[in-house]
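Trainee: Quick one, structure for this:
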Amino acid sequence: MEDPKNYISCCGFYCKTCKVFNSNLCKGCLLGYQTKERDINKAKCKIKLCCYQENKYSTCAECNEFSNCKIIASRFKPGTYQHKKCIQNLEFIRSNNTKNFIKIAKNWKNHYGKLK
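Mentor: Below is the predicted model of the structure:
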């Protein structure tokens, strides 16, 4: 069984409640790389490549630059709802740890939701 932390995307979204992931249209951000079922060298997501491959982080919350990251900003335009949720989730993970994030996120109806 996969570690529940592996269902948190590098950018702070939660795969287990993601409609795209649950429709099998996405394989998740971290799932399968540790077991070598997937090859990180074939990944196309620049966030994942920076976070997981280059820096060996589980999420961008481990990086001191995430709130001003140009890579995140190129994926989620600053000022948009998704960018806001991405940064909020990463801040929550940094302040409260992944275990507490999962406790909240497992009740979401989408890949992001309310943190309180």
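
Trainee: buried stuff in the longest helix along the chain?
Mentor: Longest helix in the chain by number of residues (criterion: DSSP state H): helix 81-105. By 16 or more other C-beta atoms under 10 Å, the buried positions in helix 81-105 come out as 83, 85-87, 89-90, 92-94, 98, 101-102, 104-105. In short, each C-beta sits where N, CA and C put it, glycine included.

Trainee: ok, those vs S67, which is closest?
Mentor: I87 (5.8 Å; C-beta to C-beta).

Trainee: Tell me the confidence at the closest one?
Mentor: With respect to pLDDT, I87 scores 97.

Trainee: Kindly report the same for C63.
Mentor: Reported pLDDT for C63: 98.

Trainee: what sits against it?
Mentor: Contact analysis of C63 by C-beta atoms under 8 Å, 6 or more residues apart in numbering lists C51, N55, Y57, C69.

Trainee: Likewise for C11?
Mentor: Contacts for C11 were tallied using C-beta under 8 Å, 6+ apart; they are C29, I47, C51, T59, C60, I72, R75, F76, C86, N89, L90.

Trainee: Narrow those to those in helices?
Mentor: Taking DSSP H, the ones among these that sit in helices are I47, I72, R75, C86, N89, L90.

Trainee: Distance to N110 added to those, as a markdown table?
Mentor: Supplementary listing: the ones in helices among the contacts of C11 in a markdown table, determined by distance: C-beta to C-beta, whole Å:
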| residue | distance to N110 |
| --- | --- |
| I47 | 19 |
| I72 | 19 |
| R75 | 17 |
| C86 | 13 |
| N89 | 12 |
| L90 | 17 |
